[in-house]
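Sequence below, structure please.
(4 chains)
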There are 4 protein chains.
Amino acid sequence: MIKVGIVGATGYAGSELVRILLGHKDVEIKWYGSRSYIDKKYASIYQNFFQLVDANCMDDNMEVLADQVDVIFTATPQGLCASLVNEEILSKVKIIDLSADFRIKDVKVYEEWYKLEHKSPQFIEEAVYGLCEINREDVKKARLVANPGCYTTCSILTCYPLVKEGIIDPNTIIVDAKSGTSGAGRGAKVDNLFCEVNENMKAYGVATHRHTPEIEEQLGYACGEKITINFTPHLVPMNRGILATAYASLKKDVTYEEVKAIYDKYYADEKFVRVLEKDVCPQTKWVEGSNYVDVNFKIDPRTNRIIMMGAIDNLVKGAAGQAVQNMNLMFGLKESEGLELVPMFP
Amino acid sequence: MIKVGIVGATGYAGSELVRILLGHKDVEIKWYGSRSYIDKKYASIYQNFFQLVDANCMDDNMEVLADQVDVIFTATPQGLCASLVNEEILSKVKIIDLSADFRIKDVKVYEEWYKLEHKSPQFIEEAVYGLCEINREDVKKARLVANPGCYTTCSILTCYPLVKEGIIDPNTIIVDAKSGTSGAGRGAKVDNLFCEVNENMKAYGVATHRHTPEIEEQLGYACGEKITINFTPHLVPMNRGILATAYASLKKDVTYEEVKAIYDKYYADEKFVRVLEKDVCPQTKWVEGSNYVDVNFKIDPRTNRIIMMGAIDNLVKGAAGQAVQNMNLMFGLKESEGLELVPMFP
Amino acid sequence: MIKVGIVGATGYAGSELVRILLGHKDVEIKWYGSRSYIDKKYASIYQNFFQLVDANCMDDNMEVLADQVDVIFTATPQGLCASLVNEEILSKVKIIDLSADFRIKDVKVYEEWYKLEHKSPQFIEEAVYGLCEINREDVKKARLVANPGCYTTCSILTCYPLVKEGIIDPNTIIVDAKSGTSGAGRGAKVDNLFCEVNENMKAYGVATHRHTPEIEEQLGYACGEKITINFTPHLVPMNRGILATAYASLKKDVTYEEVKAIYDKYYADEKFVRVLEKDVCPQTKWVEGSNYVDVNFKIDPRTNRIIMMGAIDNLVKGAAGQAVQNMNLMFGLKESEGLELVPMFP
Amino acid sequence: MIKVGIVGATGYAGSELVRILLGHKDVEIKWYGSRSYIDKKYASIYQNFFQLVDANCMDDNMEVLADQVDVIFTATPQGLCASLVNEEILSKVKIIDLSADFRIKDVKVYEEWYKLEHKSPQFIEEAVYGLCEINREDVKKARLVANPGCYTTCSILTCYPLVKEGIIDPNTIIVDAKSGTSGAGRGAKVDNLFCEVNENMKAYGVATHRHTPEIEEQLGYACGEKITINFTPHLVPMNRGILATAYASLKKDVTYEEVKAIYDKYYADEKFVRVLEKDVCPQTKWVEGSNYVDVNFKIDPRTNRIIMMGAIDNLVKGAAGQAVQNMNLMFGLKESEGLELVPMFP
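Numbering: from 1, shown residues only, chains lettered A, B, ... in the order given. Take a look at the predicted model:
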């Protein structure tokens, strides 16, 4: 049994890790870390786990924790993992960080977009960007995995094959993304109250959202150049789900069949990426509760652009599910172990 | 492997059966019956199953089906199962009927509340009312199980211990129940359109809802007399979940501890019934996607009444999950096989 | 023009007062009081009022305010109005208090249910309970009106005619009420976050909710005796609306027509109370944004009980609309002035 | 009093016309046309109008109707108005058509996108596109007004000033629009059931939605050339509201202040268009129930694009409210008469 510690277990991503890991046959959760709720019954914070989890919340002392577990998931605010990690810890346990601390290779870009000083720049180079479909082999060997952001996962996987194959001009990419409200976390803020979000929709972080450089960096690797894109997130009155609608100019005339073949080239063997049938637009509900990414596209010959669409559950493939997928790879388990979650509809 | 046929696979309860059975290690679904969608890809009707189910929809010919499977689930409109079943079929396969056809022992009561002529009254006596927590031993031996209604399951399990032990006057029971909209089915009706249900709430079927006699019959068995109760269902703008708030007059002075001990007597060993801690009110979200029933109660000394509360996922414990629980019992499997679904929050 | 001051203008009830009063032809809002947002643009707190309200938020100094306005609405937490009011203020302005401070005549009952010391018990006797349909003549002469609670308004008006006429046994009344989330206010609490409320339902304050004694007191006046009832509030994933489902035992055999005639006796001439047609159950959406109360009932001869149902918009008839209705009466205006709001559907 | 007839009064746009016109002091509704509900009480179809509308539904015989009213609103499926209108009718009454029949000047474009033969091409030239903020003077003189589409209104008003002033390259415009579900109408379709829409999001009509040529035509007039754009609609789990997020490449370097000045040039005097303050993103809830369009923009110097955002209530400014605004202009009334609806929040 792999012993697992979760730092930040009482956020939504942390609690989703618990939900998934409780069904993982090779794992035992040993540590439910939560600064805010130390010594409280974990199941009193998330009553869905009543009679399923008996443990109390613990602190986030990663040095102590490193002696007790095989892997630590940090589902914590930006900056925390970088301030807690050190070589000794990394020599003892694997770390899968769900925050942004090790996602961006250029520390200046990180510090500029996150308005934070990076406390462990020495580990950035080593950290593997944990998008399994793209970096599978590196993940397998990693000590420290930077688990991708939710918007990022959806945006990158939606566009990746066409960027990689040079079908679209990457600098024309515009990603208009829509997210359920769990992406905003469990902090008590007026903006996230039911009555403020329900029956409402808005864009936010326009031209300034932190997931932008992460998408740019990863898609830049795919096409071998630095790129800039537009990314606009929106808040939607639903709990879960991200839908990305991405636009780009085609570099050449292509048919549906040609583009479909490219998506299939990259994703036909990927268990968690489903390229939908012609003219079927992804819906977030079709992946709810599961680790799937549903993608599809539509060519618009009138404007010579292509519209690419992707849907994920932001807490699963966008956070906890992907983290478990990374863990499986890092420990040599079946990649889908514990993740064969059938989407729940309705 | 147990071979399963589903008649009515394209309703919400049918599709939930598919979701659950896909994760059941001893089962193989052989037949996705759907009158409305014959020969269409099942996964084109419920795209959440894309790449998970490859089969086409088939008809509802139970005589043919009986030769091919070990158990048939009928998730069909009232009256259909009774019109299709016969001795030959029952001699070949077990049947778990999710409709109301075999739930009520008095055929006159059935015909009065359902405004239907019963086509197979000869099987009513034999049919076992499939509320496992109460009729476990009978279910194990049954050929034909009448799977309880969603409101009924929640209402009965909420009140059962106190009725059984004579703590409350059963004729004073008032069940005020609230249900998510999936309980209304997938039929295309104006009343169930998003804009009609969303931001709205109403009672319906007041004093006439068909689950009333079912609750009365089962609670009547518990106290050994015929009883009448009030039952009022309400439609709530959410997909899943039933919350039952039940009121009854206490027959004697009781303390919290005494009542708690009674609930524990019946439910402490029941895997799927969770008696919550003192003063914690059940929430439908805490059981979403799972087979749990969460119950609790509050004594009101001012009025000498007790308020009992229960929450289930109407499609799981209220339909498909309970049906699988019955199947497990009927085939000698572990009762919770395939049902260890962790509730999903948020 | 009547000059109006609002203390507590940045809560949901306060902002609803603004919405209604902006459309009231005889009124000018002179003071947007808000402790939390002093000196901030009011329209920056509620952007729906952008370009409609230019004022900044002000403090809650009622002595200063009393010199500048004709009427003060206090839409403030319990206890605040009682701590601010005094004889000098009351000699200058009329006060309509949307909190509970002056609703309950027995100060001990108030202090027990609200866990607060009452700071102005000397005004309790004078204060008029502002349920216009019942206390119209007293409201007209009042200096200080206690505006009823949202649950209370809905519950009382739903049951009042049958209690008054002695058709039902008032001590058997059970009110099972369901409320939209705006009733919980705009405070930043985890329990009211979108993801906690959405797709969820729960009871709360079971047997202990503060609106209980208020309902008991008013219905007690109607039948001329002290009564105790059960009242259970529930939180529903919608912004607005209260639905009350009330149960009581009939004291004699009655027909639909007889009961209908009683409701009509009290409400046929009431502009804001609509007794629906036979078998039509009230829906909260049908009154959304308006000052209407929709009521109806169903006799259950099987149990000899009657089920009474009522629906209001909790922010309008349950708070701000009723407050304006009271103001209209107090200032000799047409009772419906500014309140001819057509319900918005969908 | 202006006598009004509504053909298609039982759709959502028709019922919103009723809601608005009931509060319009110069108008009397004489005819509630509804093929589907002839002779039924109008208020039995929309119970929010109980005791407010006493009339029965009538047929859609526009020849009869033309003798009885001054203006006809047709809130009907595409093609119906064109098939019913004729010169005699137009000589007697003014017509405001909420369908697309007279919105597009090139009949071939109409027939191609709508897959319909146009039955009255002779009136297309005469019809005035009823976007008051742009065509005010023409509307005043019109007999036949083509009321703009909901997506179109929002998209055009969001982009218009920058297209008109040549700030952006119009052929780079991409409009990613999100709509509440009332835009899909009240037809009983599985796709619009509560459980299908709730907790879900999807794009639809990608690269083929019928509002595309309408936006292109109107923005083309603004810049004096034929243009092609991308337009993608999305379905959002809310009743009302459209949010348009539009992207375009800047033709020159501009500052925030320069762009703000351009928006102000066109909209500072427009009562129903609110240019929000810097960095405030429009939210659909801030305009709910009102005739407002809220717009704003953000310059992205990294990509040299501008992001323009607009929000409306699709049933008000996107349909019924705009139709009444047109009526007011056509009859020489104050343009905002009956439309001073304060947005409702929450």
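
how about the helix or strand harbouring A:A244, does it reach chain C?
A:A244 is part of strand A:242-249, with elements assigned from DSSP states H and E. No. Shown here: strand A:242-249 not in contact with chain C (CB under 8 Å from any CB of the partner chain), separated by at least 14.4 Å. C-beta coordinates here come from the backbone N, C-alpha and C atoms, glycine included.

now the helix or strand where A:G5 lies, how far from the chain's geometric center?
According to DSSP H and E, A:G5 maps onto strand A:2-7. Centre-to-centre, strand A:2-7 and its host chain are 19 Å apart (CA atoms, centre = their mean, to the nearest Å).

Ok, stretch A:240-260 next?
Taking CA atoms, centre = their mean, the mean C-alpha location of stretch A:240-260 is offset from the chain mean by 21 Å.

how about the residues of chain A that lie near chain B?
Residues of chain A lying close to chain B (CB under 8 Å from any CB) are A:12, A:15, A:19, A:22-23, A:46-52, A:182, A:198-199, A:239-240, A:274, A:276-277, A:280, A:283, A:285-290, A:294, A:340, A:342-346.

angle of the longest helix belonging to chain A against strand A:242-249?
What stands out as the longest helix in chain A, according to DSSP state H, is helix A:150-164. On the basis of axes from the mean of the first three to the mean of the last three CA atoms, to 10 degrees, helix A:150-164 is oriented at 30 degrees to strand A:242-249.

Give me the contact status of the helix or strand that comes right after helix A:150-164 with chain D.
Sequence order places strand A:174-179 as the next helix or strand after helix A:150-164, per DSSP H and E. Yes. Against chain D, strand A:174-179 shows contacts by CB under 8 Å from any CB at A:I174, A:D176, A:K178.

relative orientation of strand A:174-179 and strand D:174-179 in degrees?
Going by the same axes, to 10 degrees, strand A:174-179 makes 20 degrees with strand D:174-179.

ok, so of the residues of strand A:174-179 next to chain D, who is nearest A:K226?
Nearest to A:K226 among the residues of strand A:174-179 next to chain D: A:I174, at 17.4 Å, using CB to CB.

on that earlier part again, report all helices and strands that the helix or strand following the strand holding A:A244 contacts.
Sequence-wise, the next helix or strand downstream of strand A:242-249 (DSSP H and E) is helix A:256-267. If contacts are counted by 3 or more CB pairs under 8 Å, 6 or more residues apart in numbering or on different chains; DSSP states H and E, helix A:256-267 sits against helix A:150-164, strand A:273-275, strand A:293-300.

if we can go back for a sec, what are the pairing partners of the strand holding A:G5, and which direction each?
Paired strands of strand A:2-7, with direction, are strand A:27-33 (parallel), strand A:71-74 (parallel) (DSSP bridges).

pLDDT on whichever helix or strand comes after that strand, on average?
Downstream of strand A:2-7, the next assigned helix or strand under DSSP H and E is helix A:12-21. Computed over helix A:12-21, the mean pLDDT rounds to 98.

Please identify the most buried of the helices and strands packed on helix A:256-267.
The highest mean neighbour count among the helices and strands packed on helix A:256-267, using mean count of other CB atoms under 10 Å in any protein chain shown, belongs to helix A:150-164: a mean of 28.

Could you tell me the angle between that one and strand A:293-300?
On the basis of the same axes, to 10 degrees, helix A:150-164 is oriented at 50 degrees to strand A:293-300.

tell me what helix A:150-164 is packed against?
helix A:132-141, strand A:174-179, helix A:211-223, strand A:230-235, strand A:242-249, helix A:256-267, strand A:293-300, strand A:305-312.

And the residue of the stretch 1-150 of chain A with the smallest separation from chain B, how close does it get to chain C?
Using CB to the nearest CB, the single residue of the stretch 1-150 of chain A nearest to chain B is A:N48, 3.8 Å away. Separation of A:N48 from chain C (CB to the nearest CB, to the nearest Å) stands at 11 Å.

can you confirm that residue is in a strand?
No. Counting by DSSP: H, G, I helix; E, B strand; the rest coil, A:N48 is not found in a strand; it is helix.

Contacts only, for it.
By CB atoms under 8 Å, 6 or more residues apart in numbering or on different chains, the residues touching A:N48 are A:R19, B:K285, B:W286, B:V287, B:E288, B:S290, B:V342, B:P343, B:M344, B:F345.

who in the stretch 151-300 of chain A is up against chain C?
Residues of the stretch 151-300 of chain A lying near chain C (CB under 8 Å from any CB): A:181-182, A:186, A:188-190, A:192-199, A:237-239.

Are any of those residues buried, and if so which?
Neighbour-count burial within these applies to A:181-182, A:186, A:192-199, A:237-239; the criterion is 16 or more other CB atoms under 10 Å in any protein chain shown.

so which of these comes closest to chain B?
Nearest member of those to chain B, counting by CB to the nearest CB, is A:N239, at 4.6 Å.
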